[in-house]
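Participant: return a 3D structure for these sequence lines:
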Amino acid sequence: MKDLLTSLARKSGADYCEIRLEDSWQTSIAYTGKDLENVQESHMYGGNVRVAVDGCWGFVTFNNLADLEQRLREAVANARAASRHARDRSILAPAAPVQAEVRLDTRLDPRRVTLKEKIDIFGAYNDAMLRTPGVTSTNVRYFDKVTRLCYANSEGAWIDRDETDSGMGAAAICRKNGTTARGTTSEGGRDGFDRYRNLRVRFEEAAQTAVETADAPVVQGGAYTVVCDPNLAGVFVHEAFGHLSEGDNVADDPRMQEILKLGRRFGEGYLNIWDTGLDPGLRGYLQYDDEGVPTEKTWLIREGVLVGRLHSRETAGRMNEKPTGNARAISYRYPPIPRMRNTCIGNGPHGSFHDLIKDIKLGIYALDSAGGQTNGELFTFTAGQAFMIRDGKVAERVRDVTLGGNVFDTLRNITGIAGDYAVQDGAGGCGKAGQMPLPVSHGSPHIRIKDVLIGGR
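Facilitator: Numbers count the residues shown, from 1 in each chain. Sure thing, here's the model as predicted:
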């Protein structure tokens, strides 16, 4: 395979050529209420050819290796046709060609666990939620995937790597007096099936959260000091800031180039944000991106100052910066674009969670994420759980807590960062340009933010 792909890439006749071949096996299980709604095992095989001619791209997919040479000719023809009419042309930043093989530790292969055992384990978790008084329905989703990826380009790169990915998400639902409330739990990673064993307590806690939230009052809207748990803080840094740091979102927007000028201060000296592919076991972990560039820890904000962004070779070339190993594709059906990996806020100097809240007269403790949206630098997130903070202590539970604001104002309003960094992995993923769900992670300690606008009654 190596000889075939590398030879074709070099002889393509294009200025640049890369070939990706993907072979994957996936299992998925879904419960809705008492019903085992779906059990599926699937196999996917295919590849793509991506070429550049005079700075213009041609991209073609295939499902039969026998079609590869014909698809290569089609990709070159498409790129040449585009180059005759293009105004903007791509420049690839240089990247040393890598030759590597990465084999999967068989102990981490989820296929070693039988389908029946997986069904039994998640069925028992589902039953535990359903047996909780007050729970009216449930949803449980699990998947695992094992993939072999082969990559070659015309510059001499060859990467043959195995990888695994898996995730679980569950929700307990309580409907009471016209109110619908949810309690959730999630888990995910690249380090095998064992992380899904012995999780019964977490499912029971999710069920209890749903029941308690249904009885909780709606929060009074207004501006509050808010303390976010590591999960919600990680979602914030991913959604509100991480996407703005992706190179294509900056290279195509002169206004964002001005706002996100390297060297600009965005927070206090204790604010540090990075994106990394180097944390083994996390869903955002990968040794090489989908352009064959080794991944790294890429600092975005260091001591409050913007110092970097996330690049593919194309966006790095357009901005005269270096690739960061962030070119990713959800599958062979798509070309790689700049995407996050594990996006994090680093530990701060403000002690523990209790140190963050002890001086808050009236505030909100917001945990987990129940969804949200971003529009440029504006964001809106809904907390999965929330409690009032009164006189420095966590008080009563409240519901329907929605946080909104401008990401840059919010970064400047971070007045405390604890030292209890934690990472959240789940069954979901990141969506962008029709590629969803891309496996990512996010991490943070507890953070305290002043003057957060909270939607409520």
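Participant: CA only for contacts and neighbour counts going forward, please
Facilitator: OK.
Participant: check residue 85 and give its pLDDT.
Facilitator: Taken from the predicted model, the pLDDT recorded for residue 85 is 84.
Participant: secondary structure element holding it?
Facilitator: Remark: residue 85 resides in no helix or strand, with elements defined by DSSP states H and E.
Participant: list phi and psi for it.
Facilitator: The phi and psi values for residue 85, taken as degrees, to the nearest 10, are phi -120, psi 0.
Participant: and it, what does it touch?
Facilitator: The neighbours of residue 85, taking Cα atoms under 8 Å, 6 or more residues apart in numbering as the test, come to nothing; the list is empty.
Participant: and what of residue 194?
Facilitator: The neighbours of residue 194, taking Cα under 8 Å, 6+ apart as the test, come to nothing; the list is empty.
Participant: and the residue of the chain positioned farthest from its centre, how far is that from residue 318?
Facilitator: Using Cα atoms, centre = their mean, the residue of the chain lying farthest from its centre is residue 84. It sits 37.2 Å away. When Cα to Cα, to the nearest Å is applied, the distance between residue 84 and residue 318 equals 20 Å.
Participant: just the pLDDT for the closest residue in space to residue 77 that isn't next to it in sequence.
Facilitator: Across the structure, with Cα to Cα, 6 or more residues apart in numbering as the measure, the residue nearest residue 77 apart from its sequence neighbours is residue 58 (7.5 Å). Per-residue confidence for residue 58 comes out at a pLDDT of 97.
Participant: helix or strand for residue 58, which one?
Facilitator: Mapping residue 58 onto the secondary structure by DSSP H and E places it in strand 56-62.
Participant: only the buried residues of that strand, if you could.
Facilitator: Buried residues in strand 56-62, counting neighbours by 16 or more other Cα atoms under 10 Å, are found at 56-62.
Participant: now do stretch 97-113
Facilitator: 97-98, 108-111.
Participant: who are the packing partners of the helix or strand encompassing residue 452?
Facilitator: Secondary structure assigned from DSSP H and E places residue 452 in strand 447-455. The helices and strands touching strand 447-455, judged by 3 or more Cα pairs under 8 Å, 6 or more residues apart in numbering; DSSP states H and E, are strand 222-228, strand 402-406, strand 414-417.
Participant: of all the ones you listed, which one is nearest residue 155?
Facilitator: Proximity to residue 155 (Cα to Cα) singles out strand 402-406 among those, at 42.7 Å.
Participant: I'd like the mean pLDDT over the closest one, please.
Facilitator: So the average pLDDT for strand 402-406 ends up being 94.
Participant: ok, residues contacting it?
Facilitator: The list of residues contacting strand 402-406 from outside it, by Cα under 8 Å, 6+ apart, reads 377-383, 452-456.
Participant: need phi/psi at residue 418.
Facilitator: Recorded main-chain torsions at residue 418 are phi -80, psi -180, according to degrees, to the nearest 10.
Participant: got any ranges where the stretch 201-350 of the chain has weak pLDDT?
Facilitator: For the stretch 201-350 of the chain, not a single residue meets the criterion pLDDT under 70.
Participant: strands along that one, start to end?
Facilitator: Assigned strands in the stretch 201-350 of the chain, in chain order: 222-228, 273-276, 297-302, 305-306, 327-328, 337-338, 342-345 (criterion: DSSP state E, counting those that start in this stretch).
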